[in-house]
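Engineer: 3D, please:
(one chain, ligands or ions: 2)
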Amino acid sequence: IIGITVTKAENFPLWYQEVVLKAEMIEYYTEISGFYILRPAAMYIWNVIRKWFQERIEDMGVEETNFPMFLSNKSLEREKAHVDGFAPELAWVTKCGDRDLEVPVAVRPTSEAVMYPYYAKWIRSHRDLPLRLNQWNSVVRWEAKQTTPFLRAREFMWQEGHTAHLTEELAGKEVLEILELYAGVYEQLLALPVVRGTKTENEKFAGGYYTTTVEGYIPSNGRGIQGATSHCLGQNFSKMFEITVEDPNKQGDHIHVWQNSWGLSTRVIGVMVMIHGDDKGLVLPPRIAKIQAILIPVGIVNKTAAEDKAKHAEKVEELRKTIKKTGVRVDTDTRDGYTPAWKFNDWELKGVPLRLEFGPKDAAKEVISYARRDTGEKGTIPLAEISTKIPQLLGTIQKAMYDKADKSFQEHRLKLTNWDEVVPALDGKNVVIIPHCLGMDCEDKVKDLTVSKNLEQPEGPDNQRAPSMGMKSLCIPFDQPDGLVKGETKCLNPECSAMAEKWCMFGRSY
Ligand SMILES: O=C1CCCN[C@@H]1CCCn1cnc2cc(F)c(Cl)cc2c1=O
Ligand SMILES: [Mg+2]
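Structural biologist: Ligands and ions are numbered 1, 2, ... in the order given. As a prediction, this is how the structure comes out:
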């Protein structure tokens, strides 16, 4: 196996592609562009996330459902208003065998139009509320933009939750509960910090009432990235699909139900690779690592006596069992014909959080040697302490990975009140938090004003020069800084005369 041939700093997009391929997470589906095969290394991570999230939404009373993957033009017509923008992404089935279909059907890009006619049928009385269904499936969106594994694919796996409530308050409460679970997937499983907030009118789901989001940050190119979204749909869809209940307080009156929809996709895996990975390959947070510790026998060479080899192998197997008993997902690499150095590279490429080495010298000293994948730090652990020290060390690694990413995000999230500092900040691979009027046109203007002038920069080998695109709003952080006095603080856009409404996070983005 040759390792990664480009460094993360010299060519981030190529580095990313190599890592996901050589770490055996992805195979390109070369039959049709924009589609990817997810291999066991990726599916393991997705399944850990799925189990963690599924358990928690079940505790909330969400039930599982499975709707057909095709939708008719008729039900699409119901949400025509916002579908138009998406029409180019819709994939259609128009033939079956050698016959044209009378009525072409679309492959679901999301399932509102599939599900809500049945919500209208099932929800009659307020006693039918709240209705809370989630499905794990894949959706198809024929992206026009350049696709890339996990981050932008024409088919991706996700979960889509769709709920109905009697009041705006009940819906709003759930929107935030789900958003907290999304933050938990990032912070607790993937060791990634996210900023929680509300999308602006420009960036929200047009068919909804408001969108809440968790936003990530990619240090390598300074871009923001949307992590997952939890929307309150208001009564928009219940009016389109006539989902009503009789008013419990007023006979004869009907209430359109208040709905939410929320989704998290396999994009989260790509975000984790991009942020934690290094020039040796993947770096996996222990919580989602299929193999948390790989135990590699060392110091055994051909001339080692057969009897000593056998004894050493037994000792190694014994150590594996002891470590496994602690609940650590440990494996041994006893492959013949490969040197320890070769094995070290292989497991580093695959991102295994902890390498354990055990040789005759270690045996003599009654220790096991370790090397952390995240920092490279090496050390030894007395054999008598491995049952406590190894789980502890994995916990330390998980926290250290989060803290490192969190520090980087914090250092590159600049609160600015001087417009002239904005483009230099973006070119310095930062995202910014600025006072903003939240006007849609103003936001468009801000995007145009922040197209990087640094295109004059010599086209160095460093593709890392900040992308030239302008900045988009990422979210209105729930956690608002001080210093914005309503009615007094101006919107930071020099060409806007409006007053600032909120601090808004902007950045170049995916
Ligand atoms: O983001 C989520 C979470 C899970 C459930 N759905 C919402 C909204 C989805 C928006 N959206 C996103 N993409 C779309 C693409 C399309 F081709 C069409 Cl027709 C519609 C849409 C569309 O409505
Ligand atoms: Mg899209």
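
Engineer: could you point out which element follows the worst-scoring helix or strand of the chain on mean pLDDT?
Structural biologist: For the chain, using mean pLDDT, DSSP states H and E, the weakest element among its helices and strands is helix 80-83, scoring a mean of 83. Per DSSP states H and E, the first helix or strand lying C-terminal to helix 80-83 is strand 91-96.

Engineer: anything in that following strand near ligand 1?
Structural biologist: No: Strand 91-96 stays clear of ligand 1 (CB under 6 Å from any ligand atom), getting no nearer than 8.5 Å. The C-beta positions use only the backbone N, C-alpha and C, and glycine is treated the same way.

Engineer: Using CSV, list the CA coordinates for that strand.
Structural biologist: Presented in CSV, the C-alpha positions along strand 91-96 are these (Å, rounded to 0.1, in the frame of the first residue of the first chain):
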residue,chain,number,x,y,z
ALA,A,91,-34.7,12.3,-11.3
TRP,A,92,-37.6,10.8,-13.2
VAL,A,93,-38.5,7.3,-14.3
THR,A,94,-40.2,7.6,-17.6
LYS,A,95,-40.0,4.0,-19.1
CYS,A,96,-40.5,0.5,-17.9
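
Engineer: about what we covered before: which positions in the least confident helix or strand of the chain come out as buried?
Structural biologist: Neighbour-count burial for helix 80-83, counted by 16 or more other CB atoms under 10 Å, picks out residue 83.

Engineer: cool, and stretch 334-354?
Structural biologist: In stretch 334-354, counting by 16+ other CB under 10 Å, buried: 340, 343-354.

Engineer: Any idea how far it is from the middle of the chain?
Structural biologist: Its chain's average C-alpha position is 28 Å from that of stretch 334-354, according to CA atoms, centre = their mean, to the nearest Å.

Engineer: Low-confidence regions, the stretch 1-150 of the chain specifically.
Structural biologist: Low-confidence segments of the stretch 1-150 of the chain (pLDDT under 70): 1.

Engineer: Show me the helices in it, by range?
Structural biologist: Along the stretch 1-150 of the chain, counting by DSSP state H, counting those that start in this stretch, helices occupy 12-22, 40-59, 73-78, 80-83, 112-122.

Engineer: can you list contacts of the fourth one?
Structural biologist: Applying CB atoms under 8 Å, 6 or more residues apart in numbering, the set of residues contacting helix 80-83 from outside is 76, 113, 205-207.

Engineer: Number of residues surrounding residue 483?
Structural biologist: Residues lying near residue 483 (other CB atoms under 10 Å) number 10.

Engineer: now do residue 100
Structural biologist: With other CB under 10 Å as criterion, residue 100 counts 10.

Engineer: now swap in residue 8 and tell me
Structural biologist: Quick note: residue 8 (other CB under 10 Å) scores 19 neighbours.

Engineer: re the thing from before, tell me which two in the contacts of helix 80-83 are the farthest apart.
Structural biologist: Largest separation among those by CB to CB: 76 and 205, giving 15.9 Å.

Engineer: which among the contacts of helix 80-83 are in contact with ligand 1?
Structural biologist: 205, 207.

Engineer: Identify each buried residue in the longest helix belonging to the chain, please.
Structural biologist: Longest helix in the chain, counting residues (DSSP state H): helix 386-411. If you call a residue buried by 16+ other CB under 10 Å, then helix 386-411 has these buried ones: 386, 389-391, 393-394, 396-398, 400-402, 404-406, 408-409.

Engineer: how near is residue 162 to ligand 1?
Structural biologist: As defined by CB to the nearest ligand atom, to the nearest Å, residue 162 lies at a distance of 7 Å from ligand 1.

Engineer: With adjacent residues omitted, what lies nearest to residue 478?
Structural biologist: Distances taken as CB to CB, 6 or more residues apart in numbering place residue 196 nearest to residue 478, at 5.0 Å, with adjacent residues excluded.

Engineer: Flag every residue of this structure that's near ligand 1.
Structural biologist: Residues of the chain lying near ligand 1 (CB under 6 Å from any ligand atom): 83, 86, 89-90, 109-110, 141, 160, 205, 207, 229, 231, 261-263.

Engineer: Can you tell me which of those residues are buried?
Structural biologist: Applying 16+ other CB under 10 Å to those flags 83, 90, 109-110, 141, 160, 205, 207, 229, 231, 261-263 as buried.

Engineer: Out of the residues you listed, list just those in strands.
Structural biologist: Applying DSSP state E to those, the entries found in strands are 160, 229, 231, 261-263.

Engineer: and residue 143, what does it touch?
Structural biologist: Taking CB under 8 Å, 6+ apart as the test, what residue 143 contacts is 34, 89, 152-154.

Engineer: Swap in 6 Å and give it another go.
Structural biologist: 152, 154 (CB atoms under 6 Å, 6 or more residues apart in numbering).

Engineer: gap between it and residue 88?
Structural biologist: Going from residue 143 to residue 88 by CB to CB, to the nearest Å gives 9 Å.

Engineer: and if you look at residue 373?
Structural biologist: 42 Å.

Engineer: Thanks a lot, catch you later.
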